[in-house]
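Student: Have a look at this fold, sequence not included:
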């Protein structure tokens, strides 16, 4: 048994050394990225260097990708790009094709056709160590202590033992988890386990970070901490893809949104542009006075504490505001109606079903 254990340790050591050398050899970026400036060092609030990629560099490019299973299109002609320093939210109903798209980015499964590039290289074995992936189904070894688990995950991604231990301790300290580093994963709460999984996701300092339902099961305190870390990663120039059903988090964090339904892209663009596109020509109004027969108002809907004024197509909100002031109406609230992302999601999903 001792001989077998020594053999296993030897094989593990060789594998870790191989991955470290492989990572060092692959640190050269493609020709179009070589002009990036040198790293400016670790960010003070987190154990993370500033990305060498200029902000706005295309790090992920998906072009006309198809994937079918038993004749059913799981992903049908999907195209999108993600840039450094940007957070893309991927949303859609259950079974829409989001997970299949993410697995193709990770090269867990291959596309039937189309092209996927990560940092200028085709998605594959050589791009995996540039990605940090937080899966929806968490995968830490439950019988192993937190500290050992994180060091092991770091070494699998190419870090040598001393470096892995240093970065691990920095992340545990940053996340407030140092007092729990000696506990086994199975002894942690669901929320604490998820925070440790996040550390495992970013411990090798990846350029691309994919988070699949990262807020699931977190209490409000840990949810806010996770949002802070995600924004710090963005500020350091990382490319982040966030897949979640929690539309309020998408609105709070994401620069652009990609909605997939039945395998196809049904909505894609900057968040403010999408909300403007689906905006009703109406305003919310809390007031004191008379608004009867107000020119430019086609309909008034009473919501109890406020009313919604639906405007004629040729009438603007500013015109209505001026007319209210001219009439002497006391205004406590005047707000242009803009639908939430959740309302847009429901509307588009119903139209596509």
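Tutor: Okay, I see it. Quantities reported herein were computed from a predicted structural model and do not represent experimental measurements.
Student: Strands of this structure, start to end?
Tutor: Taking DSSP state E as the test, the strands found in the chain are 58-69, 72-83, 87-91, 113-118, 121-122, 131-134, 208-212, 239-243, 256-261, 264-270, 282-288, 297-302, 307-311, 330-336.
Student: What strands flank the third one, and is each parallel or antiparallel?
Tutor: So the one you mean is strand 87-91. According to DSSP bridges, the neighbouring strands of strand 87-91, each with its direction, are strand 239-243 (parallel), strand 256-261 (parallel).
Student: what's the closest of the strands of the chain to residue 191?
Tutor: Residue 191 lies closest to strand 131-134 among the strands of the chain, at 13.9 Å (Cβ to Cβ). C-beta coordinates here come from the backbone N, C-alpha and C atoms, glycine included.
Student: tell me what that closest one is packed against?
Tutor: Taking 3 or more Cβ pairs under 8 Å, 6 or more residues apart in numbering; DSSP states H and E as the contact definition, the neighbouring helices and strands of strand 131-134 are helix 190-202, strand 208-212.
Student: picking that back up, make CSV from the strands of the chain and add mean pLDDT, distance to residue 351 and mean neighbour count to it.
Tutor: Conversion of the strands of the chain to CSV gives the following (pLDDT from 0 to 100; distance: least, Cβ to Cβ, whole Å; neighbours: other Cβ atoms under 10 Å):
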stretch, mean pLDDT, distance to residue 351, mean neighbour count
strand 58-69, 96, 23, 18
strand 72-83, 94, 17, 18
strand 87-91, 96, 15, 24
strand 113-118, 96, 26, 17
strand 121-122, 91, 35, 12
strand 131-134, 93, 31, 22
strand 208-212, 95, 26, 22
strand 239-243, 96, 22, 24
strand 256-261, 94, 9, 23
strand 264-270, 93, 8, 16
strand 282-288, 94, 20, 17
strand 297-302, 92, 22, 12
strand 307-311, 93, 21, 19
strand 330-336, 94, 23, 13
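Student: With distance to residue 101 added, can I get the ones you listed in TSV?
Tutor: Compiled in TSV, the strands of the chain are given as follows (distance: least, Cβ to Cβ, whole Å):
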stretch	distance to residue 101
strand 58-69	8
strand 72-83	6
strand 87-91	7
strand 113-118	9
strand 121-122	16
strand 131-134	13
strand 208-212	10
strand 239-243	9
strand 256-261	7
strand 264-270	10
strand 282-288	35
strand 297-302	39
strand 307-311	37
strand 330-336	34
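Student: Tell me which of the helices and strands packed on strand 131-134 sits most buried.
Tutor: Each of those was assessed for mean neighbour count using mean count of other Cβ atoms under 10 Å. The highest is strand 208-212, with a mean of 22.
Student: what's in contact with it?
Tutor: Defining contact as Cβ atoms under 8 Å, 6 or more residues apart in numbering, one finds that strand 208-212 is touched by 59-60, 82, 99, 102, 105-106, 118-119, 130-136, 201-202, 230, 233, 238-244.
Student: switch to 10 Å and redo it
Tutor: Residues from elsewhere that reach strand 208-212, judged by Cβ atoms under 10 Å, 6 or more residues apart in numbering: 59-60, 82, 84, 87-88, 90, 98-99, 102-103, 105-106, 118-119, 127, 130-137, 198, 201-202, 226, 230, 233-234, 238-244, 253.
Student: Name the nearest residue to residue 281, ignoring sequence neighbours.
Tutor: Nearest residue to residue 281 in three dimensions, chain neighbours excluded: residue 311, at 4.8 Å (Cβ to Cβ, 6 or more residues apart in numbering).
Student: Report the separation between that neighbour and residue 302.
Tutor: In this view, residue 311 and residue 302 are 16 Å apart by Cβ to Cβ, to the nearest Å.
Student: cool, residue 333 as well?
Tutor: Relative to residue 302, residue 333 is positioned 14 Å away (Cβ to Cβ).
Student: next one: residue 57
Tutor: Distance of residue 57 to residue 302, given as Cβ to Cβ: 51 Å.
Student: which residues sit in contact with the residue most central in space within the chain?
Tutor: A centroid search over the chain (Cα atoms, centre = their mean) returns residue 242, at 1.8 Å, as the residue closest to the centre. Applying Cβ under 10 Å, 6+ apart to residue 242 gives the contacts 87-91, 134, 209-215, 230, 249-250, 253-254, 257.
Student: picking up where we left off before, quick check: which of the strands of the chain is nearest to residue 184?
Tutor: In this view, these are compared for proximity to residue 184 by Cβ to Cβ, and strand 131-134 is the closest at 20.4 Å.
Student: Give the pairing partners of that closest one; include direction for each.
Tutor: For strand 131-134, the pairing partners within the sheet under DSSP bridges are strand 208-212 (parallel).
Student: what's the angle between the partner strand and helix 190-202?
Tutor: Between the axes of strand 208-212 and helix 190-202, defined by axes from the mean of the first three to the mean of the last three Cα atoms, to 10 degrees, the angle is 160 degrees.
Student: going forward, begin numbering at 30 instead of 1
Tutor: From this message on, residue numbering opens at 30, which makes the last subject strand 237-241.
Student: neighbours around residue 168, how many?
Tutor: 11 (other Cβ atoms under 10 Å).
Student: picking up where we left off before, could you check how far the residue nearest to the centre of the chain is from residue 259?
Tutor: Using Cβ to Cβ, residue 271 is found at 7 Å from residue 259.
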